[in-house]
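Visitor: How does the following fold in three dimensions:
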Amino acid sequence: MTIELSVILVADRFETIRQTVGHLSAQTARDRLELVVVTPSAQELALDETACAGFGAVRVVEAEGEAIDLPRLRAAGIRSASAPAVLLGETHSFPAAKALEALIEAHREPWAGVGLVICNGNPKTMASWTNLYLDYGAWADPCPAGVVTDIPTHNGSFKRALLVDCGERLAELLRYSDGINEALRARGGRFYLEPRARTFHVNVSRLSSWFLERAAAGRAYAGARSVGWPRWRRALYAGGSPLIPLIRGRRVFRDIRRTHRSSELLPRIVPALAIGLTVSALGELAGYLAGPGRAPRLIGEMELHRMPHVRRGDPITPVPEQ
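Guide: Reported below is the predicted structural model:
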């Protein structure tokens, strides 16, 4: 059977990705998938070969650096993958059983990238819904099929050759969706959203972690975005940071209406959304003025080990077959 899609997962040990691998193993296209696990140490990873049985191929890639440096390790995994398309998976994002078959079909067309529709994997709290709409609002379930301006790096799939052609810049371009999307668009790349490809994303909902994540995400984004900027431009964007809650808030309300969840979420989401937007804006202010600091490390840890940051009593939604 021909390998058509490589799924890139970063892990420090196998337990970190066991649940994700379980959902990948349930894929209808499992025998056409290559599972690429990138880790700083194959010995410490301790791959469970039984759990990985049935895939078209399994590859463990040792890469220098810490596992929380997801972009760097993902870049190493992309270079080592063998399929024509790659999916950048997550430890806390669980695709429905037919999702990757739909991705494979979409990638037979000349799209530079194909996005999945993002469903809420732990929908009991407004903190979780706030994170979903702030991070994935444009791709939140439901979404129509069609051409889109960009797709998220996390849970995004791309033609491998186009990513490899980015050379040494690849890891930095993968840090934020803006980077890799702009790079591929500049080369004529186009993106498509495939609504049959649904993944259930588990969001931070433990309140102490939630505050920290929103602040760190804002600071890491602004710090990375403004690398190389002159001081006057950093100051200009820092001065405009109070407008961020208004601009992003408007987008969130638009996406809530688009996904037909107004009656479900409004007005209950408003307090959490207002707090999340304000904390994120303060993080961006710090990022423009003082750089990213330790924010990328904090975000990397929460991305790699998500479950400790989910509120106790906030159940994970069972992933349906379709």
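
Visitor: low-confidence ranges in the stretch 1-150 of the chain?
Guide: Nowhere does the stretch 1-150 of the chain drop to pLDDT under 70.

Visitor: Please, where are all the strands along it?
Guide: For the stretch 1-150 of the chain, the strands defined by DSSP state E, counting those that start in this stretch occupy 5-10, 33-39, 57-62, 85-88, 93-95, 113-120, 146-148.

Visitor: for these, which one sits closest to Asp135?
Guide: strand 113-120 (8.4 Å; C-beta to C-beta). Every residue, glycine included, has its C-beta placed from N, CA and C.

Visitor: for this protein, longest helix please?
Guide: Identified as the longest helix of the chain according to DSSP state H is helix 270-290.

Visitor: What are the contacting residues of that helix?
Guide: 126-127, 129-131, 133-134, 210-211, 214-226, 234-235, 237-238, 241-242, 244-245, 248-249, 252, 293, 295 (C-beta atoms under 8 Å, 6 or more residues apart in numbering).

Visitor: how does it look with 6 Å?
Guide: Applying C-beta atoms under 6 Å, 6 or more residues apart in numbering, the set of residues contacting helix 270-290 from outside is 126-127, 130, 211, 214-215, 218-219, 222-223, 226, 234, 237-238, 241, 244-245, 248-249.

Visitor: can I get the strands of the stretch 1-150 of the chain in CSV with distance to Ala76 and mean neighbour count?
Guide: Listed next are the strands of the stretch 1-150 of the chain as CSV, based on distance: least, C-beta to C-beta, whole Å; neighbours: other C-beta atoms under 10 Å:
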stretch, distance to Ala76, mean neighbour count
strand 5-10, 9, 26
strand 33-39, 6, 25
strand 57-62, 6, 16
strand 85-88, 12, 26
strand 93-95, 20, 24
strand 113-120, 19, 25
strand 146-148, 28, 12
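
Visitor: mind giving me JSON lines with those strands and columns for distance to Pro267?
Guide: JSON lines is the format used below for the strands of the stretch 1-150 of the chain (distance: least, C-beta to C-beta, whole Å):
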{"stretch": "strand 5-10", "distance to Pro267": "38"}
{"stretch": "strand 33-39", "distance to Pro267": "43"}
{"stretch": "strand 57-62", "distance to Pro267": "47"}
{"stretch": "strand 85-88", "distance to Pro267": "35"}
{"stretch": "strand 93-95", "distance to Pro267": "29"}
{"stretch": "strand 113-120", "distance to Pro267": "18"}
{"stretch": "strand 146-148", "distance to Pro267": "29"}
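
Visitor: can you map out the helices along the protein?
Guide: Under DSSP H, the chain gives helices at 18-25, 42-45, 70-80, 99-106, 126-136, 160-164, 170-173, 177-186, 207-225, 231-239, 244-258, 262-265, 270-290, 295-304.

Visitor: Which one, of these, ends up nearest to Val58?
Guide: Using C-beta to C-beta, the nearest of the helices of the chain to Val58 is helix 18-25, at 9.7 Å.

Visitor: and of the strands of the stretch 1-150 of the chain, who's closest to Leu304?
Guide: strand 5-10 (6.8 Å).

Visitor: Kindly calculate the angle that that closest one makes with helix 70-80.
Guide: Computed by axes from the mean of the first three to the mean of the last three C-alpha atoms, to 10 degrees, the angle separating strand 5-10 from helix 70-80 equals 150 degrees.

Visitor: Which neighbouring elements make contact with strand 5-10?
Guide: For strand 5-10, the elements it packs on are strand 33-39, helix 70-80, strand 85-88, judged by 3 or more C-beta pairs under 6 Å, 6 or more residues apart in numbering; DSSP states H and E.
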